[in-house]
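1. give me a model of this one.
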Amino acid sequence: MIVTTGSAGREQALIDLFAATFTASEGADEGGLIGSVVHDLLARTPADDIRVFCAEADGEILGAAIFTRLTYPDDPHRAVLLSPMAVATDHQRRGIGCALIAHALGALRAEGVQIVMTYGDPAYYAQVGFHPITEDQARAPLPLSMPQGWIAQSLTGAPMPTLRGPSTCVRALDREDLW
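-> Here you go, the predicted model:
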């Protein structure tokens, strides 16, 4: 397996990966929603605000993680949001997702990103260093339907700081039905 960056020329394959993976785990409605979100992320997010990492083998995309800018205008920390992330159903439980995230976090750290947040399964993401946080520590862009899924990690080696003020996410993720 290798990890590559970028989505150019692979947009439809990425949309299909996310739609199929979320359909298999959460049902057709969720698969359609996430496929649509990935389409919007890839088509409409400015290049400076998005990073796409893909786990690949033999020319096939096995998994992908999309990171986008998360802005706290009142705070100097540089933060990103991991959302969404998927590993193809027939390749799950082989360490691909954890390896993909670990590689991506190293690349983001090298680029000067200080904090990574996501909204997902705390037990899964704990495997790669994420810890639960509260909205007092870092406000989410929109109200959280499941606050226990708001998790983060510092990439600086220092403890997770408290981020000042409200936050904004990229346009494709600025949807109440995702939070």
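
2. state the mean pLDDT of the strand ranked longest in the chain.
-> The residue-count maximum for a strand in the chain (DSSP state E) belongs to strand 60-70. Strand 60-70 comes out with an average pLDDT of 97.

3. check which residues of that strand are buried.
-> Ile61, Leu62, Gly63, Ala64, Ala65, Ile66, Phe67, Thr68, Arg69, Leu70 (16 or more other CB atoms under 10 Å). Just so you know, the C-beta spots here come from the backbone N, C-alpha and C atoms, and that holds for glycine as well.

4. next: stretch 146-163.
-> Gly149, Trp150, Ile151, Ala152, Gln153, Ser154, Leu155, Met160, Pro161, Leu163.

5. show residues contacting stretch 80-98.
-> 1, 17-18, 20-22, 24-25, 34, 37-38, 51, 55, 61-70, 100-101, 104, 108, 113, 115-120, 124, 127-128, 169, 173, 178 (CB atoms under 8 Å, 6 or more residues apart in numbering).

6. okay, the buried residues of strand 60-70 in CSV with distance to Leu142 next?
-> Output for these, formatted as CSV (distance: CB to CB, whole Å):
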residue, distance to Leu142
Ile61, 29
Leu62, 31
Gly63, 26
Ala64, 23
Ala65, 21
Ile66, 18
Phe67, 18
Thr68, 14
Arg69, 16
Leu70, 12
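
7. now Ser154. Its backbone dihedrals?
-> Main-chain dihedrals, Ser154, degrees, to the nearest 10: phi -90, psi 140.

8. name the helix or strand for the spatially most central residue of the chain, please.
-> Against the mean C-alpha coordinate of the chain, by CA atoms, centre = their mean, the closest residue is Leu82 at 1.8 Å. Using DSSP states H and E, Leu82 sits in strand 79-87.

9. could you pull out the helices for this structure?
-> 11-26, 28-44, 96-110, 122-126 (DSSP state H).

10. circling back: just the buried ones from the contacts of stretch 80-98, in ChimeraX syntax?
-> Those of these that count as buried under 16+ other CB under 10 Å are selected in ChimeraX with:
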select :17,18,20,21,22,24,34,37,38,51,55,61,62,63,64,65,66,67,68,69,70,100,101,104,108,113,115,116,117,118,119,120,128,169,173,178
